[in-house]
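Peer 1: attaching a predicted model along with its sequence, questions to come.
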Amino acid sequence: MDEPKYISKVRIVRERGPVRSAYIPAEAEAVMFGTHDEVREHYGTAPGQYPDHATTLDYVVAAAAG
């Protein structure tokens with residue numbers, strides 16, 4: 001079997017509640033994940049309880065669309 005061509009090295013840090021920092025290759029700053037709008041309502045967090053950030057689902061959809 002061939003060796004992998006690439007292994008992604010990502011580190012996720014839970015800041016508080018749904019807010020997470022993702023340290024990903026080629027980015028100088030952490031990418032923030034969290035909740036917003038309907039997603040926040042689904043998880044039962046109140047508006048203003050946590051800062052709004054794109055969800056991991058938003059990033060997956062954007063990556064798949066690219």
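Peer 2: Looks like it arrived, so ask away. Numbering: from 1, shown residues only.
Peer 1: give me phi/psi at residue 27?
Peer 2: The phi/psi pair for residue 27 (degrees, to the nearest 10) reads phi -120, psi 130.
Peer 1: from residue 57, how far out is it?
Peer 2: For residue 27, the distance to residue 57 equals 19 Å [Cβ to Cβ, to the nearest Å]. For glycine as for every other residue, the C-beta is placed from the backbone atoms N, C-alpha and C.
Peer 1: next, residue 39: secondary structure please.
Peer 2: For residue 39, the assignment made with DSSP: H, G, I helix; E, B strand; the rest coil gives helix.
Peer 1: quick one: contacts for it?
Peer 2: Contact analysis of residue 39 by Cβ atoms under 8 Å, 6 or more residues apart in numbering lists 55, 57.
Peer 1: how close does it sit to residue 60?
Peer 2: The value you get for residue 39 to residue 60, if Cβ to Cβ is used, is 13 Å.
Peer 1: and for residue 37?
Peer 2: For residue 37, the distance to residue 60 - Cβ to Cβ - is 17 Å.
Peer 1: repeat for residue 20
Peer 2: The gap separating residue 20 from residue 60 is 14 Å, by Cβ to Cβ.
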